[in-house]
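Colleague: missing the sequence, but the structure's below:
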């Protein structure tokens, strides 16, 4: 839950920066937080009701459901890299980064970039490792599990490899036998 995440972040901040923990909040702060939380809840509920009414009036349905960001194998690799990567304090590991976020279409080569951009906008790398301070890309990482065995997946993997190579981003491929 969000409260658990906030608690974890507070523990991290307090332990990392030795910020003294204040056991009790002054009454004024508690009162302001209470009013702020009530306001945010009221605005959020009001906006949700307005949006729901507007969509209902236009007969718009959204056929989407929430899903896990990472597969079991991807989670395991992420956690392993986070704990074991060389110079881990100098890098950030980003998950599921779209190719369209790390490269552009060269309009000197392609007259209309919409088709070329679509090819990179709908594909991602499993992980992108970047410099913590500059966000310069160090490399991309792809986890090759059972989903990479089909002809369509192999074609996609070949495209991703060549696109990354063309723009100078190294791709590290890791094979796994983990099935979700």
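Modeller: Looks like it arrived, so ask away. These numbers come from a predicted model, not from an experiment.
Colleague: quick check: residue 101 vs residue 121, distance?
Modeller: According to Cβ to Cβ, to the nearest Å, residue 101 and residue 121 sit 9 Å apart. Placement of C-beta: from N, CA and C, glycine included.
Colleague: next one: residue 142
Modeller: Applying Cβ to Cβ to residue 142 and residue 121 gives a distance of 18 Å.
Colleague: kindly report the same for residue 77.
Modeller: According to Cβ to Cβ, residue 77 stands 24 Å off from residue 121.
Colleague: now for the helix or strand that contains residue 140, which elements pack on it?
Modeller: Element membership of residue 140, judged by DSSP states H and E, is strand 137-144. Based on contacts counted as 3 or more Cβ pairs under 8 Å, 6 or more residues apart in numbering; DSSP states H and E, the elements that strand 137-144 packs against are helix 72-84, strand 124-131, helix 151-167, strand 171-175.
Colleague: who are the packing partners of the third one?
Modeller: To tie it back to what came earlier, the one meant is helix 151-167. Helix 151-167 makes packing contacts with strand 137-144, strand 171-175 when contacts are defined by 3+ Cβ pairs under 8 Å, 6+ apart.
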